[in-house]
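> A predicted structure for the sequence below; I have some questions about it.
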Amino acid sequence: MKAGRQARIAIIEDNVGLQEELVFFLESKGFSVWAVPSAEAFWKRLHAAPVDIVLVDIGLPGEDGFSVLEYLRGLGAYGLVVMSARGAQTDRARALALGADAYLVKPVNFADLAIVLAQLWQRLTHDSDHGGAGNSETLAWALRDSCLVAPQGQSLRLTEQETRLLETLMRYPNEVCDKTYLHEHLFGFHEEPDTHRIDVVLSRLRNKARKAQFPLPIRVVFGKGIVFLVD
């Protein structure tokens, strides 16, 4: 991925009318876009027309969107945005756990979608410029089997939300992560995110670490966000 160009986007959407509207809108924003009605058609076209970001519906004919997310996550080279009529928290959580960067519930506000894509592309190009994002093993810190493992070998058992929070922070060691971005990764996209929910998850994690005398390397930067500190 290269800074200085717009993202290449693929849309997997079986509603032809919505598909056409999305293509028209995103092309008007300068994106390079192609669209297909199914996962099977997506796999056939992907090799000939590489992309940076994939917009995927969950309820597709044949192979569903969850399967697409799972496979693309394994490749590790794509931004992934879900657009689905399914608004249940279980669907949202499953998609995010499978690697989705954002989860938008239909009907999708196109202006919101443009913001999500711009922010996602900025993160992706930043990762590329800096040799790729960090992963769940950051300078001897690691996430394994729902535990945070310290360089000295101590481990702290984590909830699902705590794991997702740390996964995100550890991708960007020593960089401040905005609470709105963290909220989106944990709870999905909201026009007015309640970032206090991030404070609650972090507070519980800190209390747990303190009781276990675990050296949690997380700091809150007032007015900016949260950072995972490594030497």
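On my side now, so go ahead.
> Okay, the residue nearest the centre of the chain and Glu192: tell me how far apart.
Geometric centre of the chain, nearest residue: Asp101, 2.0 Å, by C-alpha atoms, centre = their mean. Distance, Asp101 to Glu192, by C-beta to C-beta, to the nearest Å: 19 Å. Where C-beta positions appear, they are placed from N, C-alpha and C, glycine not excepted.
> Look at Glu167 and say how many residues are nearby.
17 (other C-beta atoms under 10 Å).
> hang on, I meant Glu13
Glu13 has 23 neighbours, counted by other C-beta under 10 Å.
> do Ile198 as well
A count of nearby residues for Ile198, using other C-beta under 10 Å, gives 25.
> pLDDT (mean, whole number) over the longest helix anywhere in the chain?
When the chain is parsed with DSSP state H, its longest helix is helix 110-129. Mean pLDDT, helix 110-129: 80.
> quick check: angle from the helix or strand that contains Leu26 to helix 110-129?
Assessed by DSSP states H and E, Leu26 sits inside helix 16-28. Per axes from the mean of the first three to the mean of the last three C-alpha atoms, to 10 degrees, the angle that helix 16-28 makes with helix 110-129 is 60 degrees.
> Counting by contacts, list what helix 16-28 packs against.
If you count contacts as 3 or more C-beta pairs under 8 Å, 6 or more residues apart in numbering; DSSP states H and E, helix 16-28 packs onto strand 8-12, strand 32-36, helix 110-129.
> Need the winner for burial among the ones you listed.
strand 8-12 (a mean of 22; mean count of other C-beta atoms under 10 Å).
> Give me the sheet partners of that one and which way each runs.
Applying DSSP bridges, strand 8-12 is found paired with strand 32-36 (parallel), strand 53-56 (parallel).
> CA atoms of the shortest one as CSV?
The reference is to strand 53-56. Coordinates of each C-alpha in strand 53-56 appear next as CSV, following Å, rounded to 0.1, in the frame of the first residue of the first chain:
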residue,chain,number,x,y,z
ILE,A,53,-10.2,-2.4,1.5
VAL,A,54,-13.2,-4.8,1.2
LEU,A,55,-16.7,-3.8,2.0
VAL,A,56,-18.7,-7.0,2.7
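> need the next SSE after that strand, C-terminal direction.
Toward the C-terminus, strand 53-56 is succeeded by helix 65-75 as the next helix or strand (DSSP H and E).
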